[in-house]
Each structure stands twice: as C-alpha cells, then as structure tokens.
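# how would this look folded up:
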Amino acid sequence: LDEHIKSGGDTLEYPKHMWTLFDRDFGNTWSTPSMGRIRLKVTEDDDSKMVDRWVMFVGGGLDPTDTDPSDGVNFGNAFVVVDISTGKEIFKFHPANSIPSGGSTMSNVGDMLCDVPSRVASVDINSDGYTDLAYFGDTCGRMWRFDVSMPIDVSGSIAESGPSGNLSIVAEAWTGQVAF
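All right, here's what the predicted structure looks like:
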C-alpha cells in the first residue's frame, strides 16, 4: 500500500493521527466505539444551516479497583459522545463532570453509579441516516437509553467547526434514563 496520497500536487501522509482523548473519568475502556451521524443546526448572522457531523459513542469503561459495583465506582461511570473531526467531547453523562454542565445537566445524572464497559449501540430508528437513540448496559445490570435525535444548536461559523476550529459544540437537548 502507498502511504501517501497526492492532492493538488501536495503529498498528504495517510493515515494520520488526528487526536487523542484523555478523560479522567474513563476506566479501562475495552469496548469498540460506535459511530453515528448526527445533525448540527449552525446559526451565523441569522442564517441557519443543518450540517451533518460524525461522532463516536463510547462507554466510560471499567474501574479496575471496583469489586462491588453496587457501592459506586471511582471512574468508568460515564457515557461520552466525541466529535470525530475534532476529538472533543460534545456530550458526557457523568455524576460529577457532565457536558453540558451547570443548569443544563440532567436531573438523573446521579443515577450513573456503575461502570459502563459495554459497547454503546447507536440506533437509527426511522432509517433517515442519523442516529436517534443510544443504548448501553452498566455493571449494575441496567440498560440505559439516550435520545440523541435532536439537532445540536451551534452559534458561529461552520468554518470554525473543523479540526483546527474553535466552535463550541455541546448537545444541550439530549436526554437519557434507565430503560430497565
């Protein structure tokens, strides 16, 4: 295989490492990330556009020091959504370090007591090509369901949303709860 790609006379290295994500709330993350397409509603100067965005859904992993999941864990008790183009977390459901934070944090975030070592299932329930729901299990034997179908409202230039941009993308309208 050729390790370089020609583009307009320039040689681009491929594959290229784009980003690394370190999160102090992750445990040992063994599950394969799930990919999905979501929508951004980008508003710039009173003009709104819907933009596709690819994201990665991942569980927080397993706390290697945890011997009894029913008494809480130190880390691993998180559900995270990462923007693939930037490597930034756009949503995180965690008892102490949620995104969004403050008044936008879901009231049931304290229920996330157990590790999430399982793979997150990203589901398109209406076949429109966008992820609508995310499901995952935790070590307390519960199944969680998150509605990620709402477009994320973003203010600013779409040009600032790429890998070198600085646009803040936070999923304020997404919700989740224990399904059973």
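# Could you tell me the average pLDDT over the longest strand seen in the chain, please?
Secondary structure of the chain per DSSP state E: the longest strand is strand 47-59. Averaging pLDDT along strand 47-59 gives 94.
# How about residues contacting it?
With CB atoms under 8 Å, 6 or more residues apart in numbering as the contact definition, strand 47-59 has outside contacts at 29, 31, 33-42, 76, 78-85, 90, 116-120, 122, 130-131, 134, 136, 151-152, 158, 161, 169. Quick note: C-beta positions are derived from backbone N, CA and C, even for glycine.
# buried subset of these?
Buried by 16 or more other CB atoms under 10 Å: 29, 31, 33-34, 36, 38-40, 42, 76, 78-85, 90, 116-120, 122, 130-131, 134, 136, 151-152, 161, 169, out of these.
# picking up where we left off before, can you give me the angle the helix or strand that comes right after the longest strand of the chain makes with strand 47-59?
Past strand 47-59, further along toward the C-terminus, the next helix or strand under DSSP states H and E is strand 79-83. In terms of direction (axes from the mean of the first three to the mean of the last three CA atoms, to 10 degrees), strand 79-83 departs from strand 47-59 by 130 degrees.
# strand partners of strand 79-83, parallel vs antiparallel please.
Taking DSSP bridges as the criterion, strand 79-83 forms sheet pairs with strand 47-59 (antiparallel), strand 89-93 (antiparallel).
# can you tell which of the ones you listed is closest to residue 72?
Between residue 72 and the strands paired with strand 79-83, the tightest spacing by CB to CB is seen for strand 89-93, at 15.5 Å.
# Any buried residues in that closest one, and which?
Quick answer for strand 89-93 (16+ other CB under 10 Å): 89, 90, 91, 92, 93.
# nearest to residue 107, of those?
residue 93 (11.9 Å).
# hey, what's the closest one bridged with?
Applying DSSP bridges to residue 93 yields these beta-bridge partners: residue 79.
# quick one: buried residues of the longest strand of the chain?
Applying 16+ other CB under 10 Å to strand 47-59 flags 53, 55, 56, 57, 58, 59 as buried.
# pLDDT below threshold where in this protein?
Low-confidence segments of the chain (pLDDT under 70): 1-12, 69, 102-103.
# which residues does the spatially most central residue of it contact?
Geometric centre of the chain, nearest residue: residue 81, 0.3 Å, by CA atoms, centre = their mean. Contact partners of residue 81, counting by CB under 8 Å, 6+ apart, are 55, 56, 57, 58, 89, 90, 91, 92, 134, 148, 171.
# how near is residue 86 to residue 134?
Using CB to CB, to the nearest Å, one gets 19 Å for the distance from residue 86 to residue 134.
# Run through who's touching stretch 64-77.
24-28, 59-63, 94-95, 112-117, 138-140.
# Repeat the analysis, applying 7 Å as the threshold.
Stretch 64-77 is contacted from outside by 25-28, 60-63, 94-95, 112-117, 139-140, using CB atoms under 7 Å, 6 or more residues apart in numbering.
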